[in-house]
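# Below is the sequence, then the predicted model.
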Amino acid sequence: MATYGNYQGYQGSAARHAHSGSPHGAHIIDPRLMELVACVPGLFSEKRVLDVGCNHGGVAVDIGLHFNAESVLGIDLDPTLIQHAKSHLSFQYSRLPPSDTAGATTTTTTTPTTESVRSANYFPISSILTHGHIPYPAATTPPTFPRNVTFSTSDAITFFHLPSPTNPDAMDLDTPSPHQRKKQSQPRETEQPRENEFDTILLLSVLKWLHLHHGDAILPAFFSALHTALRPQGRVVLELHPWESYEKAAKKVPGLRGRVGEIQVRGGENVVRVAGECGFEVVAEVEEKRDGKGRVRRRGMVVLGKR
């Protein structure tokens, strides 16, 4: 059971759909990214990007290939999803034309062009399935695609050194992830917070699950850790979840059914308010999109700036 939202393809399940409801192929750039750079130009270009809860890696690979990112790190607590993400990175690199795969490749534009997207899909999928993946080029400095994209198995609690059940001085954040449980028997040294490491941090379809498992106490702790981890003028992209999605998720996981009623910080506006108390301000908003029947096709997002 995906008790932490670690469903296969979950990160983009609501976003990679055309208005007709049919899913986009893996070669289609995630439309959320296009909307974000339209609101905040240069959000990813020449930036150090962290994708928390990267799932199968589609968003991270898109950013590394199409948006001229300096580096992209995707983390997820599910090792199976991380393996899928690494495979997807290799797969996407193998589709590039020979002139790009002979050496390292990079995108010099801040947003994808028709030509760059066509180039990224040079070899058909059938060719990769028949002949296999192309080996990566030698490392360069600075790294270029695909070596500017990396994936690691880690959950947000561990990655940001937040109080957890593995720490005797922890607050009551009492539902460890599988990744945390593996480390419970290992001694934990005092760890310094991550400081000034990233320019842009993505939280797509992830904060709801942290909130459900760890309660309201996680919000100020997490946003404060994000603030510290960001470089000056850093940005956090937060995908918003309406309260009904919390209730729906809690019904799927028996251990969360009682906990959802304990949450007091409800709704995107109140979550953003907590972020504001931790040193953030809203710099851009992307509205939620619904289909003709009123169903959510793309969740709303806010871009938070570090004050």
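Looks like it arrived, so ask away.

# Strands of the stretch 1-150 of the chain, start to end?
Per DSSP state E, counting those that start in this stretch, the stretch 1-150 of the chain carries strands over the ranges 48-52, 71-76, 149-153.

# what residues does the longest one touch?
Looking back up the chat, that one is strand 71-76. Strand 71-76 is contacted from outside by 6, 48-55, 57, 59-61, 63-64, 82, 85, 143, 148-156, 159, 198, using C-beta atoms under 8 Å, 6 or more residues apart in numbering. For every residue, glycine as well, the C-beta is placed using N, CA and C.

# Among those, name the buried ones.
Neighbour-count burial (16 or more other C-beta atoms under 10 Å) applied to these gives 6, 48-55, 57, 59-61, 63-64, 82, 85, 143, 148-151, 153-156, 159, 198.

# so which of the strands of the stretch 1-150 of the chain gets nearest Phe280?
Nearest to Phe280 among the strands of the stretch 1-150 of the chain is strand 48-52; the distance by C-beta to C-beta comes to 15.4 Å.

# Low-confidence stretches in the protein?
Scanning the chain for pLDDT under 70 picks out the ranges 1-27, 100-110, 164-190.

# now the longest strand along the chain against strand 48-52, angle please.
Longest strand of the chain, by residue count under DSSP state E: strand 230-239. Taking axes from the mean of the first three to the mean of the last three C-alpha atoms, to 10 degrees, one finds strand 230-239 and strand 48-52 inclined to each other by 40 degrees.

# which outside residues touch strand 230-239?
Counting by C-beta under 8 Å, 6+ apart, 32, 36, 40, 43, 48, 196-207, 226, 271-272, 275, 280, 283, 299-306 sit against strand 230-239.

# My reading is that Val302 is in a strand; is that accurate?
Yes - assessed by DSSP: H, G, I helix; E, B strand; the rest coil, Val302 belongs to a strand.

# what's near enough to touch it?
Taking C-beta under 8 Å, 6+ apart, one finds Val237, Leu238, Leu240, Gly268, Val272, Val282, Ala284, Glu285, Val286 in contact with Val302.

# Can you select the buried ones among the residues you listed for me in PyMOL?
Applying 16+ other C-beta under 10 Å to these, the buried members can be selected in PyMOL as follows:
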select buried, resi 237+238+240+268+272+284+286
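
# Please consider this matter closed, and thank you.
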